[in-house]
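**Q** coordinates for the following, if possible.
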Amino acid sequence: MPHTLDPDLRRALAERVRYCHEMGIYDFYRRGPQFSEPATVAVETNDLPSPSQEMREEMPAKKSATLTKVADDNTLRVLTQNLEHGVTDPAAALKLIREDLGDCTRCKLHKQGRKQIVFGVGNPNADLMFVGEGPGADEDAQGEPFVGRAGQLLNNMIKAMGIRREDVYIANIVKCRPPGNRTPERDEGETCSPFLMRQIAVIKPKVVVALGAVAAKNLLAINAPMSELRGRFYDFTPSGARSADPSWQGAKLAVTYHPAFLLRDPRQKGEAWKDLQMVMKYLGLEPPKKPVD
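**A** Below you'll find the model as predicted:
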C-alpha cells in the first residue's frame, strides 16, 4: 500500500517549491530509495532542492520534518510543475500565471507606492512580443503597460510595421512601478523575471523585442552598451520556464531603443526603425510605405 507524505512535510515541500519557482528554478531530482525495509528517516528541509544548490551558497534550515520511506510517485512532480504547464490554451495559461502572481509582495516595490500590478496585455498567441523596463505613472494608474506618451509612440511603431497593438503582446521586466520611475534594481528584476519567463513560454512568440538597455540586459544577461546589443538577433529561450508545446524551441530576440528614450532623442527614431525592419523581414511582414513618424 503506498504511503503518503506527512502533512507537515508536504506543506514544507510546497513552500520550498513555490519559493524555488519564484527564483526561476523548476527542475528537481530525487535519489531513489537506498534501503529495503520500511523505515522512517529524519531530514532537514535544507536537504530538499533549493536555490542554494544552484548558486553554491548555503542557506540555513528552517525546520525538521519526518519523511516515510515511500511517498506517492507523483507528489514531487505535481508540486514542482508550473500551474500552467500542460494547459494548451495560452489565454487560460496566462490567467493561471496571473493568479499565481496574486497581490505580489515578493520584493520591496509592493510597499513603495505602487497602485496595482501591471501584468501584461495583448494577443496570447502573438508572434511578436515587446518587453519594456517597468510601468510608469500612467501604467500604474491604468494597470496596462505602455499607455502613456511612450505607449503612444510604441503604438505608432507597431502600426508602422503593418500590424496592430492587439496583434502583439506587451509586458515589462518588473510588474510594479519603481518609485520615481527609477531603473528597477537587480533584485527586483530577478524576483519578477520568473513570471515574465513563464509568460513568454506560454505565448511562444517568434520574436521578442527588448525595449531599451534595461530590458535587454535582464533578458540576455549581457552587460553591454546599446551600440553593441542592437543590429542582430539572439537565440532566446526563457530561463527556468518550459513551454507546453515541445515543438517551440525558443524565440529570436532583437534589441531597440525604448520609446521613452526616443521621445527624449527623436534623432534615434531612424535607428529604431532599422531594428523594426529587421524584425519585419524575419516575420515576413509587408513593409509599410513610410517609416514611423
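**Q** quick one: mean pLDDT over the helix or strand in which residue 272 is found.
**A** Using DSSP states H and E, residue 272 falls within helix 269-283. Across helix 269-283, pLDDT averages out at 98.
**Q** check the offset of it from the chain's centre.
**A** 24 Å (CA atoms, centre = their mean, to the nearest Å).
**Q** convert that helix to PDB, retaining C-alpha atoms only.
**A** Extracted in PDB, the C-alpha atoms of helix 269-283 (Å, rounded to 0.1, in the frame of the first residue of the first chain):
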ATOM      1  CA  LYS A 269      14.000  57.100 -34.400                       C
ATOM      2  CA  GLY A 270      15.600  56.200 -37.700                       C
ATOM      3  CA  GLU A 271      17.900  53.700 -35.900                       C
ATOM      4  CA  ALA A 272      14.900  52.200 -34.100                       C
ATOM      5  CA  TRP A 273      13.200  51.900 -37.500                       C
ATOM      6  CA  LYS A 274      16.100  49.800 -38.800                       C
ATOM      7  CA  ASP A 275      15.700  47.400 -35.900                       C
ATOM      8  CA  LEU A 276      12.000  47.100 -36.600                       C
ATOM      9  CA  GLN A 277      12.600  46.500 -40.300                       C
ATOM     10  CA  MET A 278      14.900  43.600 -39.300                       C
ATOM     11  CA  VAL A 279      12.100  42.100 -37.200                       C
ATOM     12  CA  MET A 280       9.600  42.700 -40.000                       C
ATOM     13  CA  LYS A 281      11.800  40.900 -42.500                       C
ATOM     14  CA  TYR A 282      12.100  37.900 -40.200                       C
ATOM     15  CA  LEU A 283       8.400  37.700 -39.600                       C
END
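**Q** number the residues from 762 up from this point.
**A** All right, first residue 762 from here; so that's helix 1030-1044.
**Q** outside of that helix, which residues touch it?
**A** 888-889, 918, 921-923, 967-968, 970, 991-992, 994, 1013, 1015-1018, 1023, 1046-1048, 1052-1053 (CB atoms under 8 Å, 6 or more residues apart in numbering). Every C-beta, even on glycine, is put in place using the N, C-alpha and C of the backbone.
**Q** what are the buried residues along that helix?
**A** Within helix 1030-1044, the residues that count as buried by 16 or more other CB atoms under 10 Å are 1030, 1032-1034, 1036-1037, 1039-1041, 1044.
**Q** which of those residues sits closest to residue 852?
**A** residue 1044 (21.6 Å; CB to CB).
**Q** go ahead and flag the most central residue of the chain.
**A** The centroid of the chain falls nearest to residue 957 when counting by CA atoms, centre = their mean (1.7 Å).
**Q** for the chain, what's the longest helix?
**A** In the chain, assigned by DSSP state H, the helix with the most residues is helix 947-964.
**Q** appreciated, that's everything.
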